[in-house]
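Peer 1: Next comes the sequence, and after it the predicted model I'd like to discuss.
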Amino acid sequence: MRKVGILGGTFNPPHLGHLIMANEALHALNLDEVRFMPNFIAPHKDVSGANAEQRLQMTRLAISGTDCFQVEDFEIKNGGVSYTFDTMAKMIEKEPETEFYFIIGGDMVDGLRSWHRIDELISIIRFIGIKRPGYESSPDLPVTMIDSPEIHLSSSMLRERLSKNQTVSFLVPKKVEAYIRKEQLYGSKRNASESEETTSRKTL
């Protein structure tokens with residue numbers, strides 16, 4: 001059976017922390033690939049600032065050029081509130097020869113008991129927890145915990161920086177930052193160099 005990791009989330013925006021998590025899980029468990037799966041509507045998170053299609057496009061840009069990373073648009077296409085059990089049950093039905101590993105941050109492990117139909121979910125997939133700085137998880141459910149380089153980075157912090165037009169260089173992939181600036185997401189503005197280039201073109 002193929003071993004496929006699923007990294008779900010809002011990706012609002014996707015950042016280097018997401019890429020590190022996926023890469024660590026890929027190699028620690030010898031996965032065939034990791035799929036990044038943006039939610040349409042997340043049951044526990046705010047997805048303001050960028051719509052579903054914009055978050056999907058940013059995710060595509062974030063992983064571009066990495067063959068073992070793919071985008072899974074199942075929840076975006078499906079619409080509605082994204083519950084992991086419903087999604088994974090349908091994906092397993094579609095791909096019965098695939099063994100799925102669901103990747104989550106260590107800060108989410110202790111909250112798994114609150115997930116929709118969690119007892120059924122753990123019977124059909126394997127959970128992979130990525131250890132996070134400042135969180136000591138003690139799961140009472142079967143979760144494989146793996147080590148990862150520590151990075152204090154979150155999408156909410158990036159949205160705040162972008163709203164103040166502060167730097168996010170080396171925190172998000174360059175293609176993602178360029179897209180954010182172009183679309184002026186999260187209250188961001190175009191880079192000065194971009195504005196100057198646009199102005200010079202208009203004068204030609």
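Peer 2: In hand now; what should we look at?
Peer 1: contacts and neighbour counts: CA atoms only from here.
Peer 2: Will do.
Peer 1: Enumerate every residue touching residue 97.
Peer 2: Counting by CA atoms under 8 Å, 6 or more residues apart in numbering, residue 97 touches 1, 2.
Peer 1: what about this structure, any weak spots by pLDDT?
Peer 2: 42-47, 133-139, 191-204 (pLDDT under 70).
Peer 1: Please enumerate the strands of it.
Peer 2: Taking DSSP state E, the strands of the chain run over residues 2-9, 33-38, 69-71, 98-105, 126-130, 143-146.
Peer 1: tell me the most buried of the ones you listed?
Peer 2: A comparison of the strands of the chain by mean neighbour count, using mean count of other CA atoms under 10 Å, puts strand 33-38 on top with a mean of 24.
Peer 1: Relative to residue 55, how far out is the nearest residue to residue 169 once chain neighbours are set aside?
Peer 2: Closest residue to residue 169 apart from its sequence neighbours, by CA to CA, 6 or more residues apart in numbering: residue 177 at 7.8 Å. As defined by CA to CA, to the nearest Å, residue 177 lies at a distance of 12 Å from residue 55.
Peer 1: So for those two, which sits in the more crowded spot?
Peer 2: Remark: of residue 177 and residue 55, residue 177 carries more neighbours, 27 against 23, as counted by other CA atoms under 10 Å.
Peer 1: can you pull out the helices in this structure?
Peer 2: Assigned by DSSP state H, the chain shows helices spanning 16-28, 52-63, 74-78, 84-94, 106-109, 118-121, 155-163, 174-183, 192-203.
Peer 1: In a markdown table, list those helices along with distance to residue 5.
Peer 2: A markdown table is the format used below for the helices of the chain (distance: least, CA to CA, whole Å):
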| stretch | distance to residue 5 |
| --- | --- |
| helix 16-28 | 7 |
| helix 52-63 | 14 |
| helix 74-78 | 14 |
| helix 84-94 | 12 |
| helix 106-109 | 16 |
| helix 118-121 | 15 |
| helix 155-163 | 21 |
| helix 174-183 | 22 |
| helix 192-203 | 37 |
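Peer 1: nearest to residue 8, of those helices?
Peer 2: Of all these, helix 84-94 sits nearest to residue 8, with 8.6 Å by CA to CA.
Peer 1: beta partners of residue 172?
Peer 2: residue 169 (DSSP bridges).
Peer 1: and it, how many residues sit next to it?
Peer 2: Neighbour number of residue 172 under other CA under 10 Å is 21.
Peer 1: who touches it in this structure?
Peer 2: By CA under 8 Å, 6+ apart, the contact set of residue 172 is 14, 15, 16, 62.
Peer 1: And residue 97, how far from residue 176?
Peer 2: 33 Å.
Peer 1: my bad, should have said residue 69
Peer 2: 16 Å.
Peer 1: what does residue 105 give?
Peer 2: Where residue 176 is concerned, residue 105 sits at a distance of 22 Å (CA to CA).
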